[in-house]
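[1] A structural model of the following input is requested.
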Amino acid sequence: MSQEGLREVEHDITIDAPADAVYRLIAEVENWPRIFPPTIYVDHVERGEGQERIRIWATANGEAKNWTSRRTLDPRALRITFRQEVSTPPVAAMGGTWIIEPLSDSSSRVRLLHDYRAVDDDPEGLKWIDEAVDRNSRSELAALKSNVELAHASAELTFSFEDTVRIAGSAKDAYDFINEADLWVERLPHVASVRFSEDTPGLQILEMDTRAKDGSTHTTKSYRVAFPHQRIAYKQVTLPALMTLHTGIWTFTEDDGGVLATSQHTVVLNTASIARILGAEATVADAREYVRSALSTNSRATLGHARDHAERRR
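    Now for the predicted structure:
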């Protein structure tokens, strides 16, 4: 601690990948939800030469938080500095630096520095931040190491797709149908039960039991970030066995013909579960098709009901 009330900590990890590749992965914040477990969603507010403002939604000690940060990117020095503009209590101020150091042509050391203080320098608040920073830093660095080192292997396992319907209605009505997930038990036949909360406007927790085509049910939990009446981004934190990651975004775009409503998914397959779920002879391609079919079936059903809802309200 270099001055009263200010905490300075450092975490590091060695990664078997070139330093410039590691830097690019950290610099591209759009990918953070699939790289870093605590990150729910990241949105650019401003972008300029070497400077940017981003909004981050992430979990800390099991609680969903959001904040805005400024970042300075220096690809030559392989450094990225960040500073929260508006912190969320108990954090009064938070900043730090990513430093990527080449160890060889194929390995690097990543150092993650943080400095922070608690609101009113409260000891309990500082303890909470200590625990959150330590947990998230270790999680982020471990995930970064895994993601970079397995980049080639995971290329086949990571895929994205989307389903789109045209709606002769308003974006607001279609958006409201997706946003009001607490009503899905009444509105969607494949949803068996829902636990929904939104203590902070626009930041939602959705846990639900859904029915598959074979009649079985499975439970998923997601954090959702809502932007009325344009999009709802989400990240699942309780996943079916065949996935190690599932993020998505619902978007609503008005044009002269009405509304285009889209459900986009990004998935990373869990190869360890393929044989158990689909049989010993099943391939990665089989798992991709199975997961895509299951997610698309539910997405198309939900979009269809959203279309009916919006068109009835014209």
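[2] tell me which residues in stretch 38-51 are buried?
    Buried residues in stretch 38-51, counted by 16 or more other Cβ atoms under 10 Å: 38-43. The C-beta positions use only the backbone N, C-alpha and C, and glycine is treated the same way.
[3] and the closest residue to residue 38 other than its chain neighbours, what does it touch?
    With Cβ to Cβ, 6 or more residues apart in numbering as the criterion, residue 38 has its nearest non-adjacent residue at 4.5 Å, and that residue is residue 58. With contact set as Cβ atoms under 8 Å, 6 or more residues apart in numbering, residue 58 has these partners: 36, 38-40, 64-66, 136.
[4] now, which of the buried residues of stretch 38-51 sits nearest residue 249?
    Nearest to residue 249 out of the buried residues of stretch 38-51 is residue 41 (Cβ to Cβ; 8.3 Å).
[5] what bridges to that closest one?
    Taking DSSP bridges as the rule, residue 41 bridges to residue 57.
[6] for the helix or strand containing residue 82, name the packing helices and strands.
    Residue 82 is located in strand 79-86, with elements delineated by DSSP states H and E. Using 3 or more Cβ pairs under 8 Å, 6 or more residues apart in numbering; DSSP states H and E as the contact test, the elements touching strand 79-86 are helix 19-27, strand 63-74, strand 91-104.
[7] what about the closest residue to residue 288 other than its chain neighbours, neighbour count?
    Leaving out its chain neighbours, the residue that sits closest to residue 288 by Cβ to Cβ, 6+ apart is residue 159, at 6.1 Å. The local packing of residue 159 (other Cβ atoms under 10 Å) involves 14 other residues.
[8] can you tell me the strand partners of whichever helix or strand residue 159 is part of and which way each runs?
    Using DSSP H and E, the element containing residue 159 is strand 158-167. Strand 158-167 sits in its sheet next to strand 258-269 (antiparallel), going by DSSP bridges.
[9] now the strand holding residue 159: mean pLDDT?
    What strand 158-167 shows for mean pLDDT is 96.
[10] cool, stretch 106-114 as well?
    In this model, stretch 106-114 carries a mean pLDDT of 96.
[11] returning to what we had before: residues in contact with the strand holding residue 159?
    By Cβ under 8 Å, 6+ apart, strand 158-167 touches 34, 174, 257-269, 288, 292, 296, 299-300, 303-304, 306-307, 310-311.
[12] all helices for the stretch 101-250 of the chain, in order.
    Assigned by DSSP state H, counting those that start in this stretch, the helices in the stretch 101-250 of the chain fall at 123-149, 151-154, 171-179, 184-187.
[13] tell me the angle the strand holding residue 159 makes with helix 123-149.
    Angle of strand 158-167 versus helix 123-149, following axes from the mean of the first three to the mean of the last three Cα atoms, to 10 degrees, is 100 degrees.
[14] what about residue 263, distance to residue 25?
    Between residue 263 and residue 25 the distance, using Cβ to Cβ, to the nearest Å, works out to 26 Å.
[15] oh, I was asking about residue 291
    24 Å.
[16] those two: which has the busier surroundings?
    Remark: of residue 291 and residue 25, residue 291 carries more neighbours, 22 against 18, as counted by other Cβ under 10 Å.
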